[in-house]
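In: what's the 3D shape of this:
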Amino acid sequence: MTLGASRILIGSLTTVMVLGTGMLGIGGVASAAGSTGPARSVTVSMPQVLADCLTPSRRPRAITITCADANTTLTRAQWKRWGLLSARGSGTLVVNDCTPNCAAGHFHRYPVTDRLHRVVHRMFSRLTVHLVHPVKGMQRTQTFQLSTRPA
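Out: This next block holds a predicted model:
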């Protein structure tokens, strides 16, 4: 099938115009006499993320990763791309070392590149962060599962 498409961004909705389709002939070869119909409009809602574990939002400046205790967060988020399947940007990963315990622990900040992905019910359900600089004792790339339903 051949699709011609153009996107028009309107607020938080994307409108996709499908200009025509071609029919497949025998053996999967596109037929020269393909049919074209009138343009169709399909509205697709851009995915969101539960940035504060409660409220869906797009392009948030911060994302609480561990909703129970807020010991891990992404702050100073700057999004370069926000699409239907993923979002990419950079920010600061803030992690509590929980030493000697989480209440008395210290928060450490690490610059990261980040990617939101795996859309479930129009919500991003994964956040992958990549440390800009290696840190002893930490994996350079980590993926966190995010809630897709308010806590």
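In: which residues touch the closest residue to P60 other than its chain neighbours?
Out: Counting by C-beta to C-beta, 6 or more residues apart in numbering, A51 is the residue found nearest to P60 once chain neighbours are left out, at 3.5 Å. Heads up, the C-betas are built off the backbone N, CA and C, glycines and all. By C-beta atoms under 8 Å, 6 or more residues apart in numbering, the residues touching A51 are S57, P60, A62, I63, T64.
In: do the same with P56
Out: Residues in contact with P56 (C-beta under 8 Å, 6+ apart) are Q48, V49, L50, M123.
In: hang on, the earlier thing: okay, the contacts of A51 in CSV with distance to L85 next?
Out: Shown next, in CSV, are those (distance: C-beta to C-beta, whole Å):
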residue, distance to L85
S57, 18
P60, 18
A62, 22
I63, 18
T64, 23
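In: re earlier: compare the contacts of P56 and tell me which is most surrounded.
Out: Neighbour tally across the contacts of P56 (other C-beta atoms under 10 Å): the maximum, 24 neighbours, falls on V49.
In: any idea what it is bridged to?
Out: On the basis of DSSP bridges, V49 is bridged to S57.
In: cool, and T113?
Out: Residues in beta-bridge contact with T113 (DSSP bridges): S90, H130.
In: quick check, it in contact with V132.
Out: Yes - with contact defined as C-beta atoms under 8 Å, T113 counts as touching V132 (6.8 Å).
In: where do the helices of this protein begin and end?
Out: Counting by DSSP state H, the chain has no helices to list.
In: how is it partitioned into domains?
Out: Domains of the chain are assigned by automatic domain parsing as 5-45, 49-145.
In: span of the longest one from start to end?
Out: Counting by C-alpha to C-alpha, to the nearest Å, the length from the leading to the trailing residue of domain 49-145 is 11 Å.
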